[in-house]
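> After the sequence you'll find the predicted model.
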Amino acid sequence: MSIFNKLIVATIPAVPRPVVRYFASRYIAGDRLEDAVRVVKQLNAQKVLATVDVLGEDIYRSEEAAAARDNILELLNSISRERLDANISIKLTQLGLKLDKEFCLENVRAILRLAKVLSNFVRIDMEDSSCTDDTIWVYRQIRKEFSNSGIVLQAKLRRTEDDAISMMRDGMNGFRLCKGIYIEPERIAYTDHGQINQNFQRVLEVMFKQKAYVGIATHDDVLVDAACKLIDKYKLQKNEYEFQMLLGVRPELCTKLHRDGHRVRIYVPFGKHWYQYSIRRFKENPQIAGYVFKALFSRNQLN
Ligand code: FDA
């Protein structure tokens, strides 16, 4: 990100929430479950798959975690009732990871139990590096009981190749590979764009070699091209991998990948806790400066 964009991002907390919400709306289905259902139906009508996320993270009270779990159970029931072609993504800090990992594990078990009954799949998102060990621990416990589960690994982290190899050795083969959004210290993470991309390609190849099913989660043309070359190299069938993208980011790339015959899944977040997720998306948006300026000028209209 340019220094100018960094400066602009630093001003976002001063932007009124309704304005942030307005510009964040491209990234979020809406506040309610019905909003997510509507967006997924639109994607499915174009033969694009979805993974739905109930927004929320970093809760510190067990009642909040239980409420989040219940909302996720309701989401699973809706996906089934509405016959959506969608699975779900969950964040463990929303389910109590930072309170007590055993309590979190119980919440995840409840979700996986229902997902299994409904023949659905649950992906555990990866949060910042303070959560990596515990997230992998929860996933390892869950995976012993439920094969309908997968995890996210971040190419940015130096440990990721070892994590992938160790999990694949233990029979785990459902990954989403992304760059990683959280700012991490150089000691544990690649901070250079080129190095992150190199590691992404290295880990993806390690996964393909072991015949893992990978959700290739990126909007970066360089990585999409590299992934396509690896798909050819390992002669993968269309049902042996998928591309994954975020709602509102590079929809033209989604259309192209889909047109080229690849399976594409869109991450569809919804819910009341949209602020933190939206700020992360703003930080990645190369047009962020323009947006914020626009926001400041149209402030009166939106307030
Ligand atoms: P990069 O950031 O270089 O973007 C490539 C291009 O895409 C940009 O040049 C721009 O054109 C466009 N672009 C990217 N973001 C944009 C935005 N917000 N608005 C407009 N244009 C944008 N991370 C994590 O740490 N844990 C997780 O569990 C997940 N889960 C996840 C699921 C899915 C389906 C995706 C696609 C991504 C994630 N991520 C994630 C986020 C991921 O780690 C990463 O931060 C983003 O995908 C951005 O990285 P890219 O690979 O797209 O490259």
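Received, thanks.
> Need the nearest residue in space to the most centrally placed residue in the chain, chain neighbours excluded.
The residue lying closest to the centre of the chain (Cα atoms, centre = their mean) is residue 125, at 5.7 Å. Spatially, and ignoring its direct neighbours in sequence, residue 125 is nearest to residue 91 (4.9 Å; Cβ to Cβ, 6 or more residues apart in numbering). For every residue, glycine as well, the C-beta is placed using N, CA and C.
> from memory that neighbour sits against residue 127, does it?
Yes - using Cβ atoms under 8 Å, residue 91 is in contact with residue 127, at 6.2 Å.
> Next, show the common contact partners of those two.
residue 57 (Cβ atoms under 8 Å, 6 or more residues apart in numbering).
> what's the burial count for residue 173?
By the other Cβ atoms under 10 Å criterion, the neighbourhood of residue 173 contains 17 residues.
> wait, it sits on residue 209?
No - in this structure residue 173 lies outside contact range of residue 209 using Cβ under 8 Å: 11.7 Å.
> Give the next helix or strand downstream of the helix ranked longest in the chain.
Assignment by DSSP state H gives helix 62-81 as the longest helix of the chain. Counting by DSSP states H and E, the next helix or strand C-terminal to helix 62-81 is strand 86-90.
> about what we covered before: and the residue nearest to the centre of the chain, how far from the ligand?
As for residue 125, its distance to the ligand is 3 Å (criterion: Cβ to the nearest ligand atom, to the nearest Å).
> and that residue, backbone torsions?
Residue 125 adopts backbone torsions of phi -60, psi 160, taken as degrees, to the nearest 10.
> Quick one: residues contacting it.
By Cβ under 8 Å, 6+ apart, the neighbours of residue 125 are 53, 89-92, 152.
> out of those, who's nearest the ligand?
residue 152 (3.8 Å; Cβ to the nearest ligand atom).
> Give me the secondary structure label for the closest one.
Counting by DSSP: H, G, I helix; E, B strand; the rest coil, the backbone at residue 152 sits in strand.
> Could you check how many residues crowd around it?
21.
> Quick check: residue 74 touching residue 33?
Yes - with contacts counted by Cβ under 8 Å, residue 74 reaches residue 33, the gap being 6.6 Å.
> Next to the ligand, which bits of the stretch 151-300 of the chain? Give me the list.
152, 154, 176, 178-182, 217-220, 223, 244-246, 249-250, 267, 281, 284-286 (Cβ under 6 Å from any ligand atom).
> Of these, select the buried ones using a PyMOL command.
To isolate the buried ones among those in PyMOL, judged by 16 or more other Cβ atoms under 10 Å, type:
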select buried, resi 152+154+176+178+179+180+181+182+217+218+219+220+223+244+245+246+249+250+267+281+285
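> Sort out for me which of the residues of the stretch 151-300 of the chain next to the ligand are in helices.
Per DSSP H, these map to helices at 223, 281, 284.
> Now for the nearest residue to the first one once chain neighbours are set aside: which residues touch it?
Taking Cβ to Cβ, 6+ apart as the measure, residue 223 lies nearest to residue 200, with 5.6 Å between them; neighbours along the chain are not counted. Taking Cβ under 8 Å, 6+ apart, we find residue 200 in contact with 155, 177, 179, 218, 223, 226.
> can you confirm residue 200 is in a helix?
Yes - according to three-state DSSP, residue 200 belongs to a helix.
> Would you mind stating the distance between it and residue 176?
Distance, residue 200 to residue 176, using Cβ to Cβ, to the nearest Å: 12 Å.
> and what of residue 143?
Distance from residue 143 to residue 176, by Cβ to Cβ: 15 Å.
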